[in-house]
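A.B. asks: sequence unknown, structure follows:
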């Protein structure tokens, strides 16, 4: 009997345990089965702002907050490249130094003594500092500091020897881009692979996943989700702006003696390399034009023309647009002006600031290149008489700044970045004349992003106003004033850079005349002297 009771008790206990066990099993949550098609991705907090903004993750990629929990990480590296981000070393625009070596920059970063290093401090935003710390190591706190990207430009202008490192996409006209090992991201032909401030970003993580992930979402993937660069050369346009061209007198004599392209031997490639090359040619072409110095009375009285074959020089430098605001376009009357316009039309060159009639001359010269829309407008602001364009006759356009402001506003509404040029009062000093300042500022207020003086026979001051760069005078490009003064042997070619529909920067190229026709690039000492003079008289 006792044995039977024991057996029954054991059976009941067994059944009770099983029942409890089954009940516990039904109360416990079902384990999650890992979805092998979902990839977890970690993005570092110091990614460039523009890169982060452009990343779009598909549904099968989830972002995680912790690096060690991710299947794949995006970080500085080059094993599985995703993107190359270009940075720029920059200083306030009125900076004389043009470049440093990468080795010296890195030594300065580490706090080592670098003889004659032009900057006393480097600033950048926190993202940039974190990225370059991964590449170059910890910076010296005495030399390197981080601050908000919004205050970098203000700080650099307040502290003249404070430079910055910024992403290419944050370049502004008021920065000067400093070359590193003679390379600059605002130059055409720039190669990020050979540039010391290019940063590669790469996939890092589980090797068995990266190959497939890259194939779909990487640099050359079928569905790329990461921006490949912040500097796309197909979004950039470089405009070369020049000063006075007058192929007469001594310049023409040297062309007759040494060849039509002699004046451009040293500087021609700079003009040809630009995407849009501007020439302010003040002189009409005319088949009956005498040889240089062939009519002493005309030369003495400043009545000028150019022989038709001289246009070979303008062809050789890659002319795209001709400014016609010059005083001397009307020197030989209507027929040579119309003949000259026919020559430009035959070559497909656009012109502005003058034309067959007043209406023709007031029209902007419009360009679209690499997605950048650029408009050229201009007029002659001297006393009436130099500009002869009317409703029925050709010539330069006399300035009516109300009309010109309206024309600027019209092209702005169409999405163009306006470049406005003046043939204004001539004077021989570096400073900006008050008469010019008022007119230059008025067209900047109307919306011009660049205002340039085409009348000056020597370099003159610059100014930033209403977000526009005002350059009151560039000096001569092709004109024979070599023997008149040292200042008239000096000049600028302004290379204006547009990117992704915006004007972003200007490089001042300095040239020196060696005779009545030919200029070359300045030596470093000559350039330093000129920049110091121009920046001083710009009140910088």
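C.D. replies: The structure has been received and is ready for your questions. Just so you know, these numbers come straight off a predicted model, no measurement behind them.
A.B. asks: domains in this protein, by residue range?
C.D. replies: 39-82+201-217, 86-197, 234-537 (automatic domain parsing).
A.B. asks: next, format these as JSON lines and append mean pLDDT and mean neighbour count.
C.D. replies: Every C-beta, even on glycine, is put in place using the N, C-alpha and C of the backbone. Converted to JSON lines, these look like this (pLDDT from 0 to 100; neighbours: other CB atoms under 10 Å):
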{"stretch": "domain 39-82+201-217", "mean pLDDT": "91", "mean neighbour count": "16"}
{"stretch": "domain 86-197", "mean pLDDT": "98", "mean neighbour count": "18"}
{"stretch": "domain 234-537", "mean pLDDT": "97", "mean neighbour count": "20"}
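A.B. asks: for residue 226, which of the ones you listed is the nearest?
C.D. replies: Residue 226 lies closest, by CB to CB, to one member of these: domain 39-82+201-217, at 4.9 Å.
A.B. asks: pull the distance from that closest one to the chain's centre.
C.D. replies: Domain 39-82+201-217 sits 31 Å away from the centroid of its parent chain (CA atoms, centre = their mean, to the nearest Å).
A.B. asks: distance check, residue 185 against residue 394.
C.D. replies: 43 Å (CB to CB, to the nearest Å).
A.B. asks: helices of the stretch 351-500 of the chain, start to end?
C.D. replies: 358-362, 401-413, 434-446 (DSSP state H, counting those that start in this stretch).
A.B. asks: what angle separates the last one from helix 401-413?
C.D. replies: Our comparison of helix 434-446 with helix 401-413, counting by axes from the mean of the first three to the mean of the last three CA atoms, to 10 degrees, yields an angle of 30 degrees.
A.B. asks: contacts for helix 434-446?
C.D. replies: Outside helix 434-446, the residues that touch it by CB atoms under 8 Å, 6 or more residues apart in numbering are 381, 399, 401, 404-406, 408-409, 420, 422, 424-425, 432, 451, 453, 463, 465-468, 470, 472.
A.B. asks: one more pass at 6 Å, please.
C.D. replies: Outside helix 434-446, the residues that touch it by CB atoms under 6 Å, 6 or more residues apart in numbering are 381, 401, 405, 408-409, 420, 424-425, 451, 465-466, 468, 470, 472.
A.B. asks: just the ones of these in strands?
C.D. replies: 420, 451, 465, 468, 470 (DSSP state E).
A.B. asks: hang on, the earlier thing: report the two of the contacts of helix 434-446 separated the most.
C.D. replies: Among those, the pair separated by the greatest distance (CB to CB) is 409 and 425, at 25.4 Å.
A.B. asks: where do the helices of the stretch 101-250 of the chain begin and end?
C.D. replies: 102-110, 126-136, 152-158, 207-217, 249-258.
A.B. asks: with distance to residue 189 as extra columns, can I get those helices in TSV?
C.D. replies: Output for the helices of the stretch 101-250 of the chain, formatted as TSV (distance: least, CB to CB, whole Å):
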stretch	distance to residue 189
helix 102-110	19
helix 126-136	24
helix 152-158	27
helix 207-217	29
helix 249-258	29
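A.B. asks: now do the contacts for residue 243.
C.D. replies: Residue 243 makes contact with 474-477, 491, according to CB under 6 Å, 6+ apart.
A.B. asks: run the last query once more with 10 Å
C.D. replies: The contact partners of residue 243, by CB atoms under 10 Å, 6 or more residues apart in numbering, come to 278-280, 452-460, 471, 473-479, 491-494, 511.
A.B. asks: do the same with residue 229
C.D. replies: Contacts of residue 229 (CB under 10 Å, 6+ apart): 51, 83-86, 168-169, 192, 198, 219, 235.
A.B. asks: also residue 220?
C.D. replies: Taking CB under 10 Å, 6+ apart, we find residue 220 in contact with 81, 214, 228.
A.B. asks: run through the bridge partners of the first one.
C.D. replies: Put plainly, it is residue 81. Counting by DSSP bridges, residue 81 is bridged to residue 202.
A.B. asks: would you check that residue 536 makes contact with residue 430?
C.D. replies: Yes: under the criterion of CB atoms under 10 Å, residue 536 makes contact with residue 430 at 7.8 Å.
A.B. asks: shared neighbours, those two?
C.D. replies: Each of residue 461 lies in contact with both residue 536 and residue 430 under the rule CB under 10 Å, 6+ apart.
A.B. asks: which ones are touching residue 60?
C.D. replies: Counted by CB under 10 Å, 6+ apart, residue 60 has contacts 35, 37-39, 216-217.
A.B. asks: ok, it to residue 224 distance?
C.D. replies: Using CB to CB, we find residue 60 at a distance of 15 Å from residue 224.
A.B. asks: same thing with residue 398?
C.D. replies: Per CB to CB, residue 398 is found 54 Å from residue 224.
A.B. asks: quick one on the thing from earlier: possible to save the contacts of helix 434-446 as CSV with distance to residue 502?
C.D. replies: Listed next are the contacts of helix 434-446 as CSV, based on distance: CB to CB, whole Å:
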residue, distance to residue 502
381, 28
401, 25
405, 21
408, 16
409, 18
420, 17
424, 27
425, 32
451, 17
465, 17
466, 15
468, 12
470, 18
472, 23
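A.B. asks: re the thing from before, any idea which of the ones in strands among the contacts of helix 434-446 is closest to residue 98?
C.D. replies: Closest to residue 98, out of all of the ones in strands among the contacts of helix 434-446 and judged by CB to CB, is residue 470, at 22.2 Å.
A.B. asks: pretty sure that closest one is touching residue 451, no?
C.D. replies: Yes: contact criterion CB under 10 Å: residue 470 and residue 451 qualify, at 4.6 Å.
A.B. asks: what do these two both touch?
C.D. replies: 420, 436, 440-441, 443-444, 463.
A.B. asks: next, format the residues you listed as a markdown table and append distance to residue 74.
C.D. replies: Shown next, in a markdown table, are the shared contacts of residue 470 and residue 451 (distance: CB to CB, whole Å):
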| residue | distance to residue 74 |
| --- | --- |
| 420 | 44 |
| 436 | 52 |
| 440 | 47 |
| 441 | 47 |
| 443 | 46 |
| 444 | 42 |
| 463 | 43 |
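A.B. asks: nearest to residue 250 among those?
C.D. replies: residue 436 (27.4 Å).
A.B. asks: how far away is the closest one from residue 111?
C.D. replies: From residue 436 to residue 111 the distance is 47 Å (CB to CB).
A.B. asks: nearest residue to residue 539 in space, please, no chain neighbours.
C.D. replies: residue 461 (7.8 Å; CB to CB, 6 or more residues apart in numbering).
A.B. asks: spit out the contact partners of that neighbour.
C.D. replies: Contact analysis of residue 461 by CB under 10 Å, 6+ apart lists 429-433, 436-437, 453, 470-473, 533-540.
A.B. asks: then residue 346?
C.D. replies: residue 311.
A.B. asks: one more time with 8 Å
C.D. replies: With CB under 8 Å, 6+ apart, residue 346 has no contacts at all.
A.B. asks: likewise for the one 10 residues further on?
C.D. replies: Remark: with contacts taken as CB under 8 Å, 6+ apart, residue 356 is in contact with 338, 341, 394.
A.B. asks: tell me the secondary structure at the second one.
C.D. replies: What that stands for is residue 341. helix (DSSP: H, G, I helix; E, B strand; the rest coil).
A.B. asks: tell me how far it lies from residue 329.
C.D. replies: Distance of residue 341 to residue 329, computed by CB to CB: 10 Å.
A.B. asks: how about residue 533?
C.D. replies: 31 Å.
A.B. asks: now do residue 283
C.D. replies: Separation of residue 283 from residue 329 (CB to CB) stands at 7 Å.
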